[in-house]
Each structure stands twice: as C-alpha cells, then as structure tokens.
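Q: Coordinates only, no sequence provided:
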C-alpha cells in the first residue's frame, strides 16, 4: 500500500515522552481517513469468517507498521514484538499515561503562581494568561469561565482591588472576553484619574512657586525721603 501524504503527520514527528497525546490524536485522524480505525475498536473475526478475518489482519498489519514508523529507535525496539496494533496502543498508553496526566497539573501550577508585575500593562498580562488558559484546555484541564475569571483576579496587582470589589457587589456574570474588556476599561479610567491628580499637583506646586516669587520681589518697603533744600 502506497503511503499517503497524510501519513507524514506520523512519520515526521516521532513519538517521544513529550508528544504522546498529540501523536495519538494524529494517529486517530490518519486511521479514520483511511478507514483503518476498526482494528483498534474491534477484535479479529473468527476463523470461520474467512474474508472478514483476512481483511482485518491486513488492515491491522498496515496500522501496526504506521505506528512502528512513528516512534523513535529506542521505542521501536520495545514495541516491535507486539503482534497487533491494539497491543502497541495499550503499551504506549501504559508508558505515557502518567506523564500526560501530569501536564494539566503543571499548567495549573503555572497559572496559580503567575502574578502581574508592576510595570506590565494589563493587555500584555492578559495575553500571557490567555496562553496559559489555552494550554490548560489543550491538556484537558477542567477550567470553566468562572474559574478562569477567579484566576485572573488572583493574578492582578493591587491597582485592581476596586474593580474586584465592584465586580463582586454587582453580581455580574460575564463571559471571559467581556470581562477582559471591562478590566481594560477600568485601567484606562484608573490611568485617567492618576493623570488628573498629577496635573492638579503640578498646578498647586506651580501656584505655590509663583506666590513665593511675588513675595521675593516685594522685599523691604521703600522709605520715602523728603526733598533736600539747598542752603544759600
């Protein structure tokens, strides 16, 4: 059977301890497109069903070759003795399942420890957080929108305490996207208030300086002198 371009998905990215979940997904895609997935979900037909058994065995051998060609040399030596594709899949599951399970936990830990730095704009902070959320979902972590919003609050700096209080008092039920927009709007208002306060402070300082200048110019009062009369 001539390899299809779709098979390159498996052969170009060899299975290792870090990409098992992705490679398994790609394997299912390839087998589904080539109508070979049946060997992973059904048992070999009995000998009495000659044609069905022959077809299943041929398909199973193709899938087995696909799988062996998608692993590294060290894994190939461990898997080549397995007679069916299903046996190879089960063995890989036992080898990598624990590592795949730890991936969501690592992502959640990174999320819980991620805090906004004082000099980081809220937009940049949220972009990083969204990346963590996407990674967590890809690793099948159970993060609904309420949990994500709670994680956002815990990651923010003290500048957003007012927003947190207002949000809880209003009992809003926002989507994450709308929540982020309101968060950015609050930051703009916050920056505007800080700018106004800074301008007011500058005006007060400037007025005070002018007042001192006027006092300095006044100095001591001039003493008027009576005109002198010439003596003859």
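A: Structure's in. What do you need? Fair warning: this is a prediction, and the values are worked out from it, not measured in the lab. Numbering: from 1, shown residues only.

Q: what's near enough to touch residue 69?
A: By C-beta atoms under 8 Å, 6 or more residues apart in numbering, the residues touching residue 69 are 10, 11. The way it works is simple: take the backbone N, C-alpha and C, and place the C-beta from them, glycine included.

Q: where do the helices sit along this structure?
A: For the chain, the helices defined by DSSP state H cover 8-11, 20-33, 38-41, 50-69, 73-79, 85-113, 122-138, 145-155, 161-170, 176-218.

Q: can you put those helices in a markdown table and add mean pLDDT?
A: Putting the helices of the chain into a markdown table (pLDDT from 0 to 100) gives the following:
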| stretch | mean pLDDT |
| --- | --- |
| helix 8-11 | 74 |
| helix 20-33 | 83 |
| helix 38-41 | 90 |
| helix 50-69 | 93 |
| helix 73-79 | 87 |
| helix 85-113 | 77 |
| helix 122-138 | 84 |
| helix 145-155 | 88 |
| helix 161-170 | 84 |
| helix 176-218 | 61 |
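
Q: Residue 7: neighbouring residues, count only.
A: Residue 7 has 18 neighbouring residues, counting by other C-beta atoms under 10 Å.

Q: show me the contacts for it.
A: 30, 66.

Q: Tell me the spacing between it and residue 74.
A: 22 Å (C-beta to C-beta, to the nearest Å).

Q: May I have the residues that are in contact with the residue nearest to residue 82 when sequence neighbours are not counted?
A: In this structure, residue 82 finds its nearest non-sequential neighbour in residue 88, 4.9 Å apart by C-beta to C-beta, 6 or more residues apart in numbering. Contacts for residue 88 (C-beta under 8 Å, 6+ apart) come out as 64, 67, 68, 79, 82.

Q: residue contacts, the closest residue to the first one other than its chain neighbours?
A: Counting by C-beta to C-beta, 6+ apart, residue 64 lies nearest to residue 85, which is 4.5 Å off, once chain neighbours are set aside. Listed by C-beta under 8 Å, 6+ apart, the contact set of residue 85 reads 39, 40, 60, 63, 64, 66, 67.

Q: cutoff 6 Å now
A: Contact analysis of residue 85 by C-beta atoms under 6 Å, 6 or more residues apart in numbering lists 39, 60, 63, 64, 67.

Q: Adding neighbour count and distance to residue 112, write those residues out as a markdown table.
A: Listed next are the contacts of residue 85 as a markdown table, based on neighbours: other C-beta atoms under 10 Å; distance: C-beta to C-beta, whole Å:
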| residue | neighbour count | distance to residue 112 |
| --- | --- | --- |
| 39 | 23 | 42 |
| 60 | 20 | 45 |
| 63 | 23 | 41 |
| 64 | 21 | 42 |
| 67 | 22 | 37 |
